[in-house]
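Asker: take a look and give me a structure for this.
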Amino acid sequence: MKSWIVGVLTTAFIIWGCSPVEEKPLVISVDTWIGASPLYYAHAMGWLKEANMQILQADSIDENLNLYETNASDVVTGTQHEYFRLKAYHKDLIPIIIYDRSHGGDVVLSNRTIKQLTQPDTKMSVYVELDTVGEDMLNYFLAEHNLSKEQIHIYNRNQAEIKRAKNHHWQEPLIIVTYHPHDLLLKKQGFKELASSKNDYYMVVDSFMTSRPIYIQHKKQLQTLKILMDKAVAAYHTNPKLFYTTVRPYLNNPSFEEFEQMLANIRWINNETLTPIMKKNLNELKYPTSELINIDGAMR
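Answerer: Numbering: from 1, shown residues only. Sure, this is the predicted structure:
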């Protein structure tokens, strides 16, 4: 009897020991941004889950980066500004997929015209999310119009705070730096667009970034992520309305017209080669492109 029990237990241990251990999902953190909607679509359609990936959507850029900093995510999205910000502390960080270029999606708004802002001795307030690409956008704007930092008073605000700004007729000159979809409410308040990333001088790209060890360990999954992003972009072109309905909750529920307006201000470049001017601008920024995953899943 004892030998029978030992035999059963031994068989059970062998079965349990040979059972595959479920691998931990690859976690991608992302903030709210129209360019990331193919990722939202892939998540909503269950494609990421099938590939053992999941997303964490943050309310702000800082929160998104914090998810990566605290190891809550393995892969993080962000612009070139966030890449250099993280790179200062994560030396092995590499961009692996550039999935969009902002082409009007990052904007500078104001309650005054350029002519009014550039009058001598004009003082103005600025709402901007510091240490993000918004700060770069502000610097581009100041340089383009020869405005001095002595003329401005900067208020560091996250996007939730920025989009609550009011436009009163008695208000002092105000500059707001923001991006889609947060600008929609501000434009309804009467703030006018003065500059955007449609200008090649205002260069903004978004990418998936991770550490080189994570890339090596999850190479197949990251190649799959590239394929799924392509697949989601194709789904938009096949049925824009269905795509919109699927991703709308991730973008603060814009109308279809607002959604299309936002999309007009980005360029998905996930299954395209970088244009010569983009390569030139990125090289000047010292932003690495040599380890991007190309269309067929190999390394450039």
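
Asker: distance check, N281 against D200.
Answerer: 7 Å (Cβ to Cβ, to the nearest Å). For glycine as for every other residue, the C-beta is placed from the backbone atoms N, C-alpha and C.

Asker: and for V75?
Answerer: 28 Å.

Asker: which residues touch A42?
Answerer: Neighbouring residues of A42 by Cβ atoms under 8 Å, 6 or more residues apart in numbering: 48, 228-229, 231-232.

Asker: narrow the residues you listed to those in helices?
Answerer: Under the assignment DSSP state H, the contacts of A42 contribute 48, 228-229, 231-232 to helices.

Asker: isn't F259 right up against N252?
Answerer: No: counting by Cβ atoms under 8 Å, F259 stays clear of N252, with 10.6 Å between them.

Asker: who has more neighbours, those two?
Answerer: Per other Cβ atoms under 10 Å, whichever of F259 and N252 has more neighbours is F259, with 24 against 13.

Asker: so who does F256 touch?
Answerer: Per Cβ under 8 Å, 6+ apart, neighbours of F256: 241, 244.

Asker: brain fart, Q171
Answerer: Residues in contact with Q171 (Cβ under 8 Å, 6+ apart) are N111.

Asker: now swap in the one 10 residues further on and tell me
Answerer: P181 makes contacts with 32, 34, 251-252, 254, 258, 262, as judged by Cβ under 8 Å, 6+ apart.

Asker: state the pair within those residues that is farthest apart.
Answerer: Across the contacts of P181, the longest distance by Cβ to Cβ is 13.8 Å; it joins T32 and E258.

Asker: more neighbours, those two?
Answerer: With neighbours defined as other Cβ under 10 Å, T32 and E258 compare such that T32 has more, 22 against 19.

Asker: P254 is in contact with the more buried one, correct?
Answerer: No: counting by Cβ under 8 Å, T32 stays clear of P254, with 11.0 Å between them.

Asker: next one: phi and psi at I152?
Answerer: Dihedral angles of I152 (phi, psi; degrees, to the nearest 10) stand at phi -120, psi 150.

Asker: can you name the next helix or strand after the least confident helix or strand in the chain by mean pLDDT?
Answerer: Taking mean pLDDT, DSSP states H and E as the measure, the helices and strands of the chain show their lowest mean at helix 2-18, namely a mean of 43. Following helix 2-18 in sequence order, the next helix or strand is strand 26-30 (DSSP states H and E).

Asker: what is that following strand packed up against?
Answerer: Packing partners of strand 26-30 (3 or more Cβ pairs under 8 Å, 6 or more residues apart in numbering; DSSP states H and E): strand 53-57, helix 61-69, strand 75-79, helix 219-238.

Asker: save these as TSV, and put in mean pLDDT, mean neighbour count and distance to F208 too.
Answerer: Shown next, in TSV, are the helices and strands packed on strand 26-30 (pLDDT from 0 to 100; neighbours: other Cβ atoms under 10 Å; distance: least, Cβ to Cβ, whole Å):
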stretch	mean pLDDT	mean neighbour count	distance to F208
strand 53-57	97	18	11
helix 61-69	95	20	11
strand 75-79	96	26	5
helix 219-238	95	18	7
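
Asker: need the ones you listed in TSV (columns: distance to K166).
Answerer: Output for the helices and strands packed on strand 26-30, formatted as TSV (distance: least, Cβ to Cβ, whole Å):
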stretch	distance to K166
strand 53-57	27
helix 61-69	23
strand 75-79	28
helix 219-238	35
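
Asker: how close does Q217 sit to T70?
Answerer: Counting by Cβ to Cβ, the gap from Q217 to T70 is 19 Å.

Asker: ok but P95 is inside a strand, no?
Answerer: Yes: counting by DSSP: H, G, I helix; E, B strand; the rest coil, P95 falls inside a strand.

Asker: neighbours of it, how many?
Answerer: 23.

Asker: follow-up on the earlier one: compare N281 and D200 and say which one has the larger neighbour count.
Answerer: Set side by side, N281 and D200 show more neighbours around N281, with 19 against 13, by other Cβ under 10 Å.
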